[in-house]
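In: return a 3D structure for these sequence lines:
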Amino acid sequence: MKNSDQPDLKSLAIKLENERGLLMVNAEISALQDMLSPELYYGHSGGYFDTKESFLNKLTDGTYDYHNIHTVVNEVVPIGEIGFSVHGEVQIVVTINGKHLDMYSIYMAVYRKEDGLWKFLAHQTALKKEN
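Out: Residues are numbered from 1 along each chain as shown. Below is the predicted model of the structure:
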């Protein structure tokens, strides 16, 4: 991708991240099924990860109950013509296994074009420390 594509790529990243957050908060499993790559790696700040199947199962059975997700996209880095990484900050209000958490993290997300559609491929957060 050319540098001139950057503003459009950032707009796309913001759109996709906002959409993903809403789908997670509303537990819209069918729409998430379509958005997530079959090869999803969803790394959590607690030191564990989910696959696409385990992530969707935990949303379905209520293990994860997202109340609010607010992302700030700071940078978008193209990965050739078929992908990009998103670097930013996220505030997540969630109940996990009955425990209410309000977390502020830095994060990275990766999107890849699969069969002509942008799919959410990878995610990793790290709790942000106070300076």
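
In: run through who's touching the worst-scoring helix or strand of the chain on mean pLDDT.
Out: One helix or strand of the chain scores below all others by mean pLDDT, DSSP states H and E: helix 6-25, with a mean of 92. Contacts of helix 6-25 with the rest of the structure, by CB atoms under 8 Å, 6 or more residues apart in numbering, involve 1, 28, 31-32, 35, 59, 64, 66-71, 73, 76, 78, 84, 86, 88, 109, 111, 118, 120. (C-beta placed from N, C-alpha, C; glycine too.)

In: next helix or strand past it?
Out: Going down the chain from helix 6-25, the next helix or strand is helix 29-35, by DSSP states H and E.

In: tell me the secondary structure at L101.
Out: Following DSSP: H, G, I helix; E, B strand; the rest coil, the label given to L101 is strand.

In: wait, what's in contact with K52?
Out: Residues near K52 by CB under 8 Å, 6+ apart: 36-40.
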